[in-house]
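Student: Mind folding the following:
(one chain, ligands or ions: 1)
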Amino acid sequence: MAGEMQKWVLMATAQTPTNIAVIKYWGKRNEDLILAINDSISVTLDPAHLCTTTTVAVSPTFDQDRMWLNGKEISLLGGRYQNCLREIRSRATDLEDEKQGIKITKKEWEKLHVHIASHNNFPTAAGLASSAAGFACLVFSLAKLMNVKEDQGALSAIARQGSGSACRSLYGGFVKWVMGKEENGSDSIAVQLADEKHWDDLVIVIAVVSSCQKETSSTSGMRDTVETSMLIQHRAKEVVPKRIVQMEDAIKKHDFAAFANLTCADSNQFHAVCLDTYPPIFYMNDTSHKIISCVEKWNRSAGTPQVAYTFDAGPNAVLIARNRKTAAELLQRLLFHFPPNSDTDLNSYVIGDKSILQDAGVQDMKDVEALPPPPEIKDKVPAPKCKGDVSYFICTRPGRGPVLLSDECQALLNPSTGLPK
Ligand code: DP6
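Tutor: Now for the predicted structure:
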């Protein structure tokens, strides 16, 4: 190793998006390799609003692998981290960094330790899938650092071993995780169905729902479902394969009605399967149900779907509007039903792409209070307003896949010490 015993530090920084499944992954056929019992399809969310940034560093001065998540050191002993690190290390190739005069051979990578620092640009406490972006970013940045020559599909199969849904965060736009047939998981990879520009009318509004309930993790929830639910077999064998074909077609043709009907039906079936689990799992709460009812009433009165809803392993609603105009109307309805507490600043209540708020004609709390009841409930007794049930809304859109950040200012580790900045 040229420059041995010198104190060089070599780094790579990447940014990776999170994703929301519109056809859900729920249930494994192999727990260690993380192999799913059905294909799934997701939309990648714009990293400007929801993403993970990870810096990985290597240096001969590091005496062990270490990781910091949002500034706090965490253990890398868990099997999922170890699996990702092992798989990436075994694919490392010879590297020469002429600028720093560093040469690392394939053999030397086996002995060198890494430092990893990762940060989410959204509150971790919000219960938004951070493990998907996190593992995708870990694998993507390590692959760059270690000069791994594999394609994105092979990297997705490694990210999958960190968290199943992470494999879909290796691409932007619309992504399918193909469950595969091989026992070693080599064909259980993510493929891009269409990039983020393919259907850029779509606008996504996430309602971060307040909850004090401790949620069952996806990992243990799906294990219980596979062990105890009879419905899950019917879902995986009969329902999902048909929906995958229909969803691919809907995405290809920009058929919003089909896209929305499939997305809502699949979210509802996922939660039905959770209820069919013993002991039953409840991820949605009263607020989640109220949001569904608000969207359902609107879609029914419009005669064709305006908005799709989907819920993962928690009460947060992910709402996909057919275009900007519908997104503005959606936000008006959401703010009518779920206004912020009087002491909340509207600017921190609706975050992300603020232009949707402008399109909705809402600038301050006075505008929120003046919102009329939506036409579909105008003649009915309006439900009481639910202040405080939603913590905040994030306005976003379909987004791009992982990128390398070359600017050292964006690195999370100090380039001379390899420790968090
Ligand atoms: C409901 O990927 O978090 O979000 O593979 O055990 O890490 P593990 O589970 P995870 O499960 C995600 C479940 C889901 C649906 C989905 O994203 O497809």
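
Student: Contact residues of the stretch 151-300 of the chain facing the ligand?
Tutor: Contact residues (C-beta under 6 Å from any ligand atom) of the stretch 151-300 of the chain with the ligand: Ser163, Gly164, Ser165, Ser218, Thr219. C-beta here means a position set from N, CA and C on the backbone, and glycine is covered the same way.

Student: out of these, who has the most neighbours?
Tutor: Greatest neighbour count in those, by other C-beta atoms under 10 Å, goes to Ser165: 30 neighbours.

Student: Surely it and Tyr25 touch.
Tutor: Yes: counting by C-beta atoms under 8 Å, Ser165 touches Tyr25, with 6.2 Å between them.

Student: Need the residues touching each of these two.
Tutor: Ser40, Trp177 (C-beta atoms under 8 Å, 6 or more residues apart in numbering).

Student: May I ask which two of the residues of the stretch 151-300 of the chain next to the ligand are separated the most?
Tutor: Ser165 and Thr219 (10.9 Å; C-beta to C-beta).

Student: so what's Pro47 up against?
Tutor: By C-beta under 8 Å, 6+ apart, Pro47 lies in contact with Gln15, Thr16, Pro17, Asn121, Gly399, Arg400, Val403.

Student: for the stretch 51-200 of the chain, what are the low-confidence residue spans?
Tutor: The model of the stretch 51-200 of the chain has pLDDT under 70 over residues 124-127, 129.

Student: Okay, helices next: where are they in it?
Tutor: Taking DSSP state H, counting those that start in this stretch, the helices of the stretch 51-200 of the chain run over residues 79-89, 106-109, 130-145, 152-159.

Student: any idea how far Val273 lies from Trp68?
Tutor: Remark: distance between Val273 and Trp68 (C-beta to C-beta, to the nearest Å) = 36 Å.

Student: Those two: who's more crowded?
Tutor: Legend: neighbour count by other C-beta under 10 Å for Val273 and Trp68, higher for Val273 (26 against 18).

Student: contacting residues around the more buried one?
Tutor: By C-beta under 8 Å, 6+ apart, the contact list for Val273 reads Trp26, Thr225, Ser229, Leu231, Ile232, Arg235.

Student: so where does Ala205 fall, helix or strand?
Tutor: For the record, residue 205 is Val, not Ala. According to DSSP states H and E, Val205 maps onto strand 203-209.

Student: Mind giving me the packing neighbours of that strand?
Tutor: On a contact count with 3 or more C-beta pairs under 8 Å, 6 or more residues apart in numbering; DSSP states H and E, strand 203-209 meets helix 286-302, strand 317-321, helix 324-337, strand 390-396.

Student: The second one and the ligand in contact?
Tutor: Okay, so that is strand 317-321. No: for strand 317-321, no contact with the ligand is found by C-beta under 6 Å from any ligand atom; the gap never falls below 10.3 Å.

Student: I'd like to know which elements that strand is packed against.
Tutor: Using 3+ C-beta pairs under 8 Å, 6+ apart: strand 317-321 touches strand 203-209, helix 256-275, helix 286-302, strand 307-310, helix 324-337.

Student: could you give the angle of that strand to helix 256-275?
Tutor: Between strand 317-321 and helix 256-275, the angle comes out at 170 degrees (axes from the mean of the first three to the mean of the last three C-alpha atoms, to 10 degrees).

Student: Strand 390-396 and strand 317-321, what's the angle between them?
Tutor: Strand 317-321 and strand 390-396 meet at an angle of 40 degrees, taking the same axes, to 10 degrees as the criterion.

Student: List the contacts of strand 317-321.
Tutor: Against strand 317-321 from outside (C-beta under 8 Å, 6+ apart): 20, 22, 43, 202-207, 209, 259-260, 263, 288, 291-292, 295, 306-312, 327, 330, 334.

Student: ok, now the third one?
Tutor: Judged by C-beta under 8 Å, 6+ apart, the contacts made with helix 324-337 from elsewhere in the structure are 201, 203, 205, 207, 290-291, 294, 298, 306-307, 319, 321, 350, 356-357, 359-362, 368, 371-374, 383, 385-386, 390, 393, 395.

Student: Just the buried subset of those, please.
Tutor: Using 16 or more other C-beta atoms under 10 Å as the burial test, those include 203, 205, 207, 290-291, 294, 298, 306-307, 319, 321, 350, 356-357, 359-360, 362, 368, 371, 374, 390, 393, 395 as buried.
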